[in-house]
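**Q** I would like the atomic coordinates for the input below:
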Amino acid sequence: MLRIKPYLGSKSTEDYLNKKAQKGYELESITSFGLFVPLRLDAYSFKKTLKTKRVYRVDSRKIKKEDFKEYQQIFMDDGWKYFKNNFANDEYNSDYIFYSEDSTKNQIFSDPESEKLRNKENAASSLYKGIFLFMVFLFFSIIFPAPLAGNNSTIIGFIFHNIYIIVAIFIIITSLIRYFKNR
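**A** A predicted model of the protein is given here:
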């Protein structure tokens, strides 16, 4: 089964994978379709399985290539397996997916501060992407202004005409809330 969804951060990916696992689907691979840097769609490939106890955890941080084996070994020593078929990682996003068949395993973080740091870094990344989108959409709305008459004269017309800028502002606001919540 192939599913395509927008990338909304590592926590969102983790929640999505765990919902699929509870329904009896095992992740086979993830491939990224980057439209441009801030807009990324991920294609998830799942297969139906009888295992429903699998638990996924996602950690997103920048790991140096020479430190990766040690980083991976820390999780393996704790009973986690590294998911290798994640082809969505690039220079802007580094999600490391771990899984366990032991449903009692809840966390990959040893302390709440590590989890807060991950969430704060995700929020900062989303904030940068939101600001970038806002600037791009604002630039294009200035270069290619809409006619003053027409659908833009009602509130609904205004919203539909400026939906991209509104979405970018929404991303910025939610990212700021998540960032300050994890301080």
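
**Q** how is the chain carved up into domains?
**A** Domains of the chain are assigned by automatic domain parsing as 2-100, 112-181.

**Q** How about the contacts made by the nearest residue to K116 once chain neighbours are set aside?
**A** The shortest distance from K116 to any non-neighbouring residue, by CB to CB, 6 or more residues apart in numbering, is to N182 (4.6 Å). Every residue, glycine included, has its C-beta placed from N, CA and C. Counting by CB atoms under 8 Å, 6 or more residues apart in numbering, N182 makes contact with 116-117, 119-120, 123.

**Q** mind listing the strands for this structure?
**A** 2-6, 25-36, 39-48, 55-60, 81-82, 86-87, 95-100 (DSSP state E).

**Q** Just name whatever secondary elements the second one is in contact with.
**A** Meaning strand 25-36. helix 10-22, strand 39-48, strand 86-87, strand 95-100 (3 or more CB pairs under 8 Å, 6 or more residues apart in numbering; DSSP states H and E).

**Q** The last one too?
**A** With contacts defined as 3+ CB pairs under 8 Å, 6+ apart, strand 95-100 has these neighbours: helix 10-22, strand 25-36, strand 55-60, helix 68-77, strand 81-82, strand 86-87.

**Q** Tabulate the contacts of N182 in a markdown table, adding columns for neighbour count, pLDDT and distance to E26.
**A** As requested, the contacts of N182 are arranged in a markdown table below (neighbours: other CB atoms under 10 Å; pLDDT from 0 to 100; distance: CB to CB, whole Å):
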| residue | neighbour count | pLDDT | distance to E26 |
| --- | --- | --- | --- |
| K116 | 14 | 81 | 30 |
| L117 | 14 | 79 | 29 |
| N119 | 18 | 79 | 26 |
| K120 | 16 | 82 | 31 |
| A123 | 22 | 81 | 30 |
